[in-house]
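**Q** sequence unavailable; structure follows:
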Ligand SMILES: [Fe+2]
Ligand SMILES: [Fe+2]
């Protein structure tokens with residue numbers, strides 16, 4: 001059993017909320033796959049883990065399900081004067097935790113960037129409803145079609161009839177494999193193109209690292225804020241509100257490690273060309289880097305770029321094999 005005591009929405013709620021999570025047997029609202037569920041870390045602080053088992057008894061599951069506070073699993077946090085993150089943490093057993101952030105830009109034509117994790121759908125929608133009336137959303141920028149970004153896509157499209165879905169042709173194709181047809185709602189933008197959204201222009205770009213070929217980020221040319229998709233993601237040992245809160249060595253290690261996991265192709269790239277792609281990003285001079293996976297980073301562009309530059313030299317990641325998985329499952333206390 002895992003007891004995760006959440007402190008609620010960062011900067012918005014004071015009273016602790018206790019979240020009890022037992023491994024679940026399916027994926028859906030409140031539910032996570034059993035191995036990950038047994039090690040699930042809800043967002044933020046005070047987490048007490050009694051390593052659970054893959055086969056959590058259904059009686060325990062049933063008795064605890066009603067205690068699960070899904071709202072606590074997605075936290076709102078202001079990251080700039082006009083941008084809120086809707087963030088959660090996803091565990092990678094044996095590796096750490098990965099932040100998963102969507103963003104809401106409170107501009108004259110409100111922009112939602114991504115729609116959270118599939119298994120946190122209810123929590124995401126609850127946080128979104130607290131942040132804005134979805135009917136006010138005018139643009140939904142989908143950075144790519146991975147399951148940690150499209151979690152509430154259909155619900156948001158239904159509740160935000162005035163929103164256009166900013167995406168790419170390839171992402172449309174991927175969504176069609178889920179049986180999702182967004183042709184009537186889509187607004188296709190390729191890297192290098194601009195999107196004018198009322199009081200500002202969004203410049204689309206291809207992030208320097210990515211795990212899906214359709215990945216498309218953007219820079220808000222009015223504020224300089226850069227939405228970098230999965231680039232600069234980092235494995236963490238504990239939640240952090242800001243990138244500057246992470247000890248420098250831990251940030252470097254976590255970023256390099258995550259990139260070897262999430263962008264394994266980097267070991268094959270031409271170092272010179274990769275370095276030039278980082279230089280291009282440097283010249284964009286972001287005021288803040290808002291990635292899907294690390295906390296918001298202000299004044300850290302050079303540091304993050306240097307960490308990325310080191311990734312092609314890092315040892316490739318090799319995941320646990322069957323023997324290691326069985327050892328993990330048989331560990332005392334599980
Ligand atoms: Fe991704
Ligand atoms: Fe992602």
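**A** Structure received. As the structure is a prediction and not an experimental result, all values here were calculated from the model. Ligands and ions are numbered 1, 2, ... in the order given.

**Q** residue 94 belongs to a strand?
**A** No: counting by DSSP: H, G, I helix; E, B strand; the rest coil, residue 94 is not found in a strand; it is coil.

**Q** quick one: pLDDT of it?
**A** Looking at residue 94, its pLDDT reads 86.

**Q** need the contact list for it.
**A** Contact partners of residue 94, counting by CB atoms under 8 Å, 6 or more residues apart in numbering, are 320, 328. C-betas here are computed from N, CA, C, even on glycine.

**Q** equivalent analysis for residue 316, please.
**A** 260, 264, 267.

**Q** what about the last one, which SS state?
**A** If I follow you right, that is residue 267. helix.

**Q** wait, it touches residue 312, no?
**A** Yes: using CB atoms under 8 Å, residue 267 is in contact with residue 312, at 5.8 Å.

**Q** which strands and helices sit next to the strand or helix carrying residue 173?
**A** Applying DSSP states H and E as the criterion places residue 173 in helix 169-177. Applying 3 or more CB pairs under 8 Å, 6 or more residues apart in numbering; DSSP states H and E, we find helix 169-177 packed against strand 186-188.

**Q** who does the strand it packs on pair up with?
**A** strand 164-167 (parallel) (DSSP bridges).

**Q** which residues in the stretch 51-200 of the chain form helices?
**A** All helices of the stretch 51-200 of the chain, identified by DSSP state H, counting those that start in this stretch, fall at 58-65, 121-131, 153-159, 169-177.

**Q** so for the third one, what gets flagged as buried?
**A** Read it as helix 153-159. Of the residues in helix 153-159, 153, 155-157, 159 count as buried by neighbour count, 16 or more other CB atoms under 10 Å.

**Q** list buried residues within the contacts of residue 316.
**A** The neighbour-count criterion (16+ other CB under 10 Å) marks residue 260 among those as buried.

**Q** from the contacts of residue 316, which is closest to residue 193?
**A** Taking CB to CB as the measure, residue 193 lies nearest residue 264 of the contacts of residue 316, at 28.7 Å.

**Q** give the other helices and strands that the longest helix seen in the chain contacts.
**A** If you go by DSSP state H, the chain has its longest helix at helix 248-262. On a contact count with 3+ CB pairs under 8 Å, 6+ apart, helix 248-262 meets helix 301-310.

**Q** mind giving me the packing neighbours of the helix it packs on?
**A** helix 248-262, helix 271-283.

**Q** single out the most deeply packed of the ones you listed.
**A** Ranked by mean neighbour count, these are led by helix 248-262 with a mean of 20 (mean count of other CB atoms under 10 Å).

**Q** any residue of that one touching ligand 2?
**A** No: judged by CB under 5 Å from the ion, helix 248-262 makes no contact with ligand 2; its nearest approach is 7.6 Å.
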